[in-house]
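Peer 1: I'll drop the sequence and a predicted model, then ask my questions.
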Protein chains: 2
Amino acid sequence: MIQMAVLGFGTVGSGVVEIIEQNAHRIERAVPEGLHVKYILDIRDFPDSPYGDRVVHDLDIILNDPEVRLVCETMGGKEPARTFTQKALERGISVCTSNKELVAAFGPSLLKTAREHNCSYLFEASVGGGIPLLDTLLSNLAQEDITSVTGILNGTTNYILTKMESEGADYKEVLSRAQAMGYAERNPAADVEGHDAGRKIAILSSLITGKNVGYEEIHVEGITGVTMDDIKAADELGYGIKLLGRCCVTEEGLEVITAPFCVKKSHPLYPVRDVFNAVLVHGNMVDDIMLYGRGAGKLPTGSAVVSDLIQMARADKPLVIRWDEEPMELVPFGMQKHCFWLRVENSIVDRVLALFTDSTELLHQDFSDFTVIMTGPVREDDFAQRTAGVEGILSVLRILES
Amino acid sequence: MIQMAVLGFGTVGSGVVEIIEQNAHRIERAVPEGLHVKYILDIRDFPDSPYGDRVVHDLDIILNDPEVRLVCETMGGKEPARTFTQKALERGISVCTSNKELVAAFGPSLLKTAREHNCSYLFEASVGGGIPLLDTLLSNLAQEDITSVTGILNGTTNYILTKMESEGADYKEVLSRAQAMGYAERNPAADVEGHDAGRKIAILSSLITGKNVGYEEIHVEGITGVTMDDIKAADELGYGIKLLGRCCVTEEGLEVITAPFCVKKSHPLYPVRDVFNAVLVHGNMVDDIMLYGRGAGKLPTGSAVVSDLIQMARADKPLVIRWDEEPMELVPFGMQKHCFWLRVENSIVDRVLALFTDSTELLHQDFSDFTVIMTGPVREDDFAQRTAGVEGILSVLRILES
């Protein structure tokens, strides 16, 4: 048996233990020695759990046991997860994680520590939950020049937007229901304000470039400003509103953004509903690839962690992920070009149309209480300047070009 | 440089060479030595090709060159592809292929030869073109009990069905257009009669069970019987018609079928249009995963071949795929249960409804010229027996349960 430890016995950690137990027959096909959870590190005790006797409160017990070859960190948050991961890697113990916050903030430095100590640091479960996304990008698409990655990367906000669309229910109403169902945290800021999706697109952008795309460098907007009027108008015009993380290689360089976008109903990301995630990858040879699945949850996320554990158990040498500490220079947000969607009061339609007369694809559609104007590609700073001080703009969204 | 040979310089083979040349900078990130196509085997000469000087007509030149470490077989068809593959593997040269016909027929015996000679045989490109499907099933989902795989596995038929639906055009008309555009062969039988999709679901079924699912054992129906009336009626009732390959672990055992199914518009496979393929995999822990991409074409398929080449180049030891020669026993077709969709003449509606009074979910909907009746789950042999000799049944389809 390959001995391992689970750090953090919360939702994902308990899922990992359950999968290793229940699917042992499958895991043994890939790792004939089998995986065995020798220790579970948590500050709590779990006297009623069948795994209660494996719980320890001191990391050193794990680090000082030479039998432990693998660790999975499912604690979440930056500390003490970072210190614990660092210590394990320094002992040459390979670590995998579902902790996107940690990976987005310290991915390159932890990967460096792993390289220096001849072990691996994997984080498949940190983006897209159960979807085998990172390994697909790094291994199966290694031959591709990836030119864009566009994803629905946050299940909570996708659930809220889907329910608003399908049930005509208000944002606040759907949010409280999502909280009651456990799909949203009591403090939903990280999800609804786009930070979670922003961290994930930072990780994906770093992996496709090999350099560090800092989460703080990315322009992030959430869904708190999206109203039922936006959703209804979008629907009538043949669009749905999705919170997207997007990175895109353009002539200017690498553009990264997280924001709600209007997505055409014929686009493969449009039908992705509820808590599902999906990521559309464009490669210069393979064209479009989309991966779809559950972006969160005990067992789907646990499954991705176990997949990393299997990879590390099978590997004869450290698994190398290229993500250097060197910062990746991004196209400044103001220089990014987008097609805009403006919902405006009827009284200012002519004024707004006059601002964008040079836009080749300018369209507008009257609704009874407001008008929607869709522009062609306009630079962000240019857009901000033109619309500055214009009163009567009810909402601004971007349109995903297909 | 890692020296390799390409067997067959047709569509896919030339794509492979193009990708290795154009994306060399990417490939070298994964394989620092780089890949070099030393030989191209073909019966033709290509004096105008920049690779013309690498063309040879004799396999022995390749086999007798000790520098050659990898071969990709992109010839198609059973012979001489089988003999050539066998000979290369017997020399310990790892081989990868896009040849689904060969893999479906001789996969287990070629894998056995590879094992015996300490080399690898990979075939990512044989199913789903550029979609990284097989490696995802075998590696990333190794921890899962896969309980079903349902896929749109043939781009030609999906193109035809999509165009019939979106343009209201007749089957024959769309088929000739698809032939003109190169999406369908001049002799389209392998595609439209379901054999191509059948071979692919045979490969997928074999990989998830580890035993051999013979292509000939699978019930296969094509799309030649699907009419515009079926498509219109399905559309009005909230369904689309898709040719699916499906394998499913039930209480009875493994059920495999290839046939046109009515797929609900809310199902993730419904929006898959034109020549795109998509495969929905259900695992006991990860739930639903869907992979989507181009199922055919020079560069997408070539990309999957190059991904296999990279895997083989990086591997320190042979890559093992478990697919034994031992036949997998399937649930006999007659014992499979499906929900049926019958389009019948109005005059026989009562008679048909009376045949299925025990079906709990029996629904029917009148159209002007015919009526559609949808049954609950009925055994195939039972269905055949009940409807035998009933005149006025215009078409029979199955309904994908979600």
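Peer 2: Okay, I see it. Residues are numbered from 1 along each chain as shown, chains lettered A, B, ... in the order given.
Peer 1: can you mark which positions in stretch A:238-249 are buried?
Peer 2: Residues of stretch A:238-249 classed as buried by neighbour count (16 or more other Cβ atoms under 10 Å in any protein chain shown): A:Tyr239, A:Gly240, A:Ile241, A:Lys242, A:Leu243, A:Leu244, A:Gly245, A:Arg246, A:Cys247, A:Cys248, A:Val249. Heads up, the C-betas are built off the backbone N, CA and C, glycines and all.
Peer 1: and stretch A:51-65, by the same measure?
Peer 2: Applying 16+ other Cβ under 10 Å to stretch A:51-65 flags A:Tyr51, A:Arg54, A:Val55, A:Leu59, A:Ile62, A:Leu63 as buried.
Peer 1: mind checking which of those land in helices?
Peer 2: A:Leu59, A:Ile62, A:Leu63 (DSSP state H).
Peer 1: relative to chain B, which of these is nearest.
Peer 2: A:Ile62 (22.2 Å; Cβ to the nearest Cβ).
Peer 1: pLDDT score for the closest residue in space to that closest one that isn't next to it in sequence?
Peer 2: Of all residues beyond its chain neighbours, the one nearest A:Ile62 is A:Ala5 (4.5 Å), with distances taken as Cβ to Cβ, 6 or more residues apart in numbering or on different chains. pLDDT recorded at A:Ala5 is 98.
Peer 1: ok, A:Tyr183 next?
Peer 2: Looking at A:Tyr183, its pLDDT is 82.
Peer 1: that one contacts A:Gly155, correct?
Peer 2: Yes. If you go by Cβ atoms under 8 Å, A:Tyr183 and A:Gly155 touch, sitting 6.9 Å apart.
Peer 1: mutual contacts of those two, please.
Peer 2: In terms of Cβ atoms under 8 Å, 6 or more residues apart in numbering or on different chains, A:Tyr183 and A:Gly155 are both contacted by the residues A:Val275.
Peer 1: can you pull the domain assignment for chain A?
Peer 2: Listed domain ranges for chain A are A:2-129+A:299-314, A:134-294, A:333-399 (source: automatic domain parsing).
Peer 1: tabulate those domains (CSV), appending distance to B:Ala278.
Peer 2: Below are those laid out as CSV (distance: least, Cβ to Cβ, whole Å):
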stretch, distance to B:Ala278
domain A:2-129+A:299-314, 17
domain A:134-294, 8
domain A:333-399, 25
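Peer 1: the residue minimising distance to the centre of chain A is in what secondary structure piece?
Peer 2: Centroid check for chain A by Cα atoms, centre = their mean gives A:Lys200 as the closest residue, at 3.3 Å. Element membership for A:Lys200 (DSSP states H and E) is helix A:195-209.
Peer 1: show me what that helix is packed up against.
Peer 2: helix A:100-116, helix A:134-135, strand A:146-152, strand A:219-220, strand A:239-250, strand A:253-264 (3 or more Cβ pairs under 8 Å, 6 or more residues apart in numbering or on different chains; DSSP states H and E).
Peer 1: can you give me the buried ones in that helix?
Peer 2: A:195-209.
Peer 1: in chain A, where is pLDDT below threshold?
Peer 2: Low-confidence segments of chain A (pLDDT under 70): A:360.
Peer 1: so the residue nearest to the centre of chain A makes contact with A:Gly129?
Peer 2: No. With contact defined as Cβ under 8 Å, A:Lys200 does not reach A:Gly129; the gap is 10.2 Å.
Peer 1: show me the strands in the stretch 301-402 of chain A, by range?
Peer 2: Listed in chain order, the strands of the stretch 301-402 of chain A (DSSP state E, counting those that start in this stretch) span A:337-345, A:363-366, A:370-379, A:393-399.
Peer 1: around chain B, which positions in the stretch 251-400 of chain A sit nearby?
Peer 2: Contacts of the stretch 251-400 of chain A with chain B, taken as Cβ under 8 Å from any Cβ of the partner chain, map to A:266, A:268, A:270-273, A:276, A:278, A:283-294, A:297, A:299-300, A:302-304, A:306-307, A:310-311, A:316-317, A:322.
Peer 1: so which of those sit within helices?
Peer 2: Of the positions in those, A:Leu299, A:Pro300, A:Gly302, A:Ser303, A:Ala304, A:Val306, A:Ser307, A:Ile310, A:Gln311 sit in helices, assigned by DSSP H.
Peer 1: most surrounded residue in those residues?
Peer 2: Among these, A:Ala304 has the most neighbours (other Cβ atoms under 10 Å in any protein chain shown), with 35 neighbours.
Peer 1: list the contacts of the residue nearest to A:Ile62.
Peer 2: A:Val37, A:Lys38, A:Tyr39, A:Ile40, A:Leu41, A:Ile62, A:Val68, A:Leu70, A:Val71, A:Cys72.
Peer 1: and what about A:Asp48, helix, strand or coil?
Peer 2: coil (DSSP: H, G, I helix; E, B strand; the rest coil).
Peer 1: give me phi/psi at it?
Peer 2: Backbone geometry at A:Asp48, expressed as degrees, to the nearest 10, gives phi -90, psi -10.
Peer 1: run a quick neighbour tally on it.
Peer 2: 6.
Peer 1: state the distance from A:Ala189 to chain B.
Peer 2: Distance from A:Ala189 to chain B, counting by Cβ to the nearest Cβ, to the nearest Å: 27 Å.
Peer 1: show me what contacts that residue?
Peer 2: Applying Cβ under 8 Å, 6+ apart, the residues contacting A:Ala189 are A:His195.
Peer 1: and if you look at A:Glu185?
Peer 2: A:Glu185 makes contact with A:Thr156, A:Gln179, A:Asp191, according to Cβ under 8 Å, 6+ apart.
Peer 1: what do you get for A:Leu342?
Peer 2: A:Val352, A:Val372, A:Ile373, A:Met374, A:Thr375, A:Thr387, A:Ile393, A:Ser395, A:Val396.
Peer 1: who's the nearest residue to it once chain neighbours are set aside bridged to?
Peer 2: Excluding the flanking residues, the one nearest A:Leu342 by Cβ to Cβ, 6+ apart is A:Ile373, at 4.5 Å. Assessed by DSSP bridges, A:Ile373 has beta-bridge partners A:Leu342, A:His364.
Peer 1: skipping adjacent residues, who's closest to A:Val16 in space?
Peer 2: Nearest residue to A:Val16 in three dimensions, chain neighbours excluded: A:Gly302, at 4.5 Å (Cβ to Cβ, 6+ apart).
Peer 1: ok, the one you found to B:Pro260 distance?
Peer 2: 37 Å (Cβ to Cβ, to the nearest Å).
Peer 1: go on, A:Val305?
Peer 2: A:Val305 is 39 Å from B:Pro260, by Cβ to Cβ.
Peer 1: between those two, point out the one with more neighbours.
Peer 2: Remark: of A:Val305 and B:Pro260, A:Val305 carries more neighbours, 29 against 25, as counted by other Cβ under 10 Å.
Peer 1: separation between A:Gln3 and chain B?
Peer 2: Counting by Cβ to the nearest Cβ, the gap from A:Gln3 to chain B is 18 Å.
Peer 1: correction: A:Ser126
Peer 2: For A:Ser126, the distance to chain B equals 15 Å [Cβ to the nearest Cβ].
Peer 1: could you find the closest non-adjacent residue to that residue?
Peer 2: Per Cβ to Cβ, 6+ apart, closest to A:Ser126 is A:Lys100, 4.1 Å.
Peer 1: for that neighbour, which residues are in contact?
Peer 2: By Cβ under 8 Å, 6+ apart, the contact set of A:Lys100 is A:Phe123, A:Ser126, A:Val127, A:Asp196, A:Arg199, A:Lys200, A:Ile203.
Peer 1: what does A:Glu167 give?
Peer 2: By Cβ under 8 Å, 6+ apart, the residues touching A:Glu167 are A:Val174.
Peer 1: try A:Leu153
Peer 2: A:Val127, A:Gly128, A:Asp196, A:Ala197, A:Lys200, A:Ile201, A:Leu243, A:Leu244, A:Gly245, A:Asn277, A:Val279, A:Gly295 are the contacts of A:Leu153 under Cβ under 8 Å, 6+ apart.
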